[in-house]
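> Provide a 3D model corresponding to the input given below.
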Amino acid sequence: MSTLSDSHAAIYEEPIDERIRKFLKLENYFLKLNYHKNIDTSFDSFTALNNMILIYSTLSRVEVKSELIREIEFQKTRYQEYIQIESSDKIKLNSIMEKQDYVLNNLHNLKLNYLNALNSDEFFQFCIKHFETNTSELDYWLTRDHAMRLNQLNLWLELVKPIENSILFCLDILRRSSETNEICANNGFHLVKINNKKKIRLLRITMQSDNYYFPRISIGPQRATITFMMLSETNKFVQIKENISFVMDLCYI
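Got it, this is the predicted structure:
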């Protein structure tokens with residue numbers, strides 16, 4: 001379930017390409033880090049640190065900066081096409097493209113070795129190696145004043161802030177660029193034909209948060225299947241055999 005869900009709506013997202021999947025994973029880490037770092041308990045600081053490590057590990061392992069640049073440039077090209085349409089909202093489109101230029105500029109200004117400070121941070125590297133074990137070094141840090149812990153987490157986060165801002169911006173644009181439909185899944189099942197010409201990147205399902213079932217989404221090259229499931233008392237997943245209404249967004253630019 002998406003971290004964008006709240007007490008009223010449950011949002012389930014399934015990416016259609018690996019680039020968006022990568023961005024969603026990092027977005028999830030950033031959102032959890034920003035939430036937990038502000039809470040004054042050692043458990044929340046521990047969780048925030050864990051997500052900082054996951055962010056670092058992902059950025060160290062895969063190329064994200066260039067992927068973001070390519071994605072934003074692709075989105076900008078699409079908006080340049082849309083602004084040529086006579087009926088388009090040119091003020092809104094120009095505003096978006098100005099933001100795209102700003103985000104792109106920050107990414108281009110981000111040094112190739114932007115992770116070097118984290119690579120050479122002795123305590124941070126110690127946490128990576130020993131995070132799953134009880135160590136006096138980590139326990140000591142977790143018992144420090146919350147203001148000190150928060151300041152340290154913010155210093156680490158600042159090193160990857162252009163990445164965070166770019167990911168949030170990219171995904172926000174994509175989510176807002178959607179084709180929305182109210183759907184009824186007959187007997188708890190719905191088939192979606194994927195229009196390859198539209199270059200759909202993300203499928204979103206919105207439902208009331210108090211439902212006892214959830215959508216299991218499977219996506220292939222030409223179609224997606226949505227099967228509504230419930231968790232039985234014996235912890236087995238069982239398909240719902242009733243008609244279920246939901247809102248589906250196909251996100252593409």
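> CA only for contacts and neighbour counts going forward, please
Fine.
> burial of residue 206, as a residue count?
Using other CA atoms under 10 Å, residue 206 has 20 other residues around it.
> swap that for residue 245, please
When neighbours are defined as other CA under 10 Å, residue 245 has 14 of them.
> then residue 201?
Residues lying near residue 201 (other CA under 10 Å) number 20.
> mind listing what it touches?
The neighbours of residue 201, taking CA atoms under 8 Å, 6 or more residues apart in numbering as the test, are 15, 16, 17, 20, 250, 251, 252.
> repeat the analysis, applying 6 Å as the threshold.
The neighbours of residue 201, taking CA atoms under 6 Å, 6 or more residues apart in numbering as the test, are 16, 251, 252.
> ok, of these, which one's closest to residue 71?
Top of the list for closeness to residue 71, among the contacts of residue 201 and by CA to CA, is residue 252 at 12.2 Å.
> what is the neighbour count of the closest one?
Residue 252 - counted by other CA under 10 Å - has 18 other residues nearby.
> got it, and residue 136?
Residue 136 has 9 neighbours, counted by other CA under 10 Å.
> related to what we said a few turns ago, of the contacts of residue 201, closest to residue 141?
The closest of these to residue 141 turns out to be residue 16 (CA to CA; 40.7 Å).
> could I get the phi/psi values of that closest one?
Main-chain torsions, residue 16, degrees, to the nearest 10: phi -100, psi -20.
> could you do residue 186 as well?
Per degrees, to the nearest 10, the backbone of residue 186 is at phi -70, psi 130.
> and the nearest residue to it once chain neighbours are set aside, how far from residue 184?
In this structure, residue 186 finds its nearest non-sequential neighbour in residue 243, 4.6 Å apart by CA to CA, 6 or more residues apart in numbering. Counting by CA to CA, to the nearest Å, the gap from residue 243 to residue 184 is 6 Å.
> which residues of this structure fall in helices?
In the chain, the segments counted as helices under DSSP state H are 18-36, 42-61, 65-82, 90-109, 116-119, 122-130, 136-142, 146-159, 161-176.
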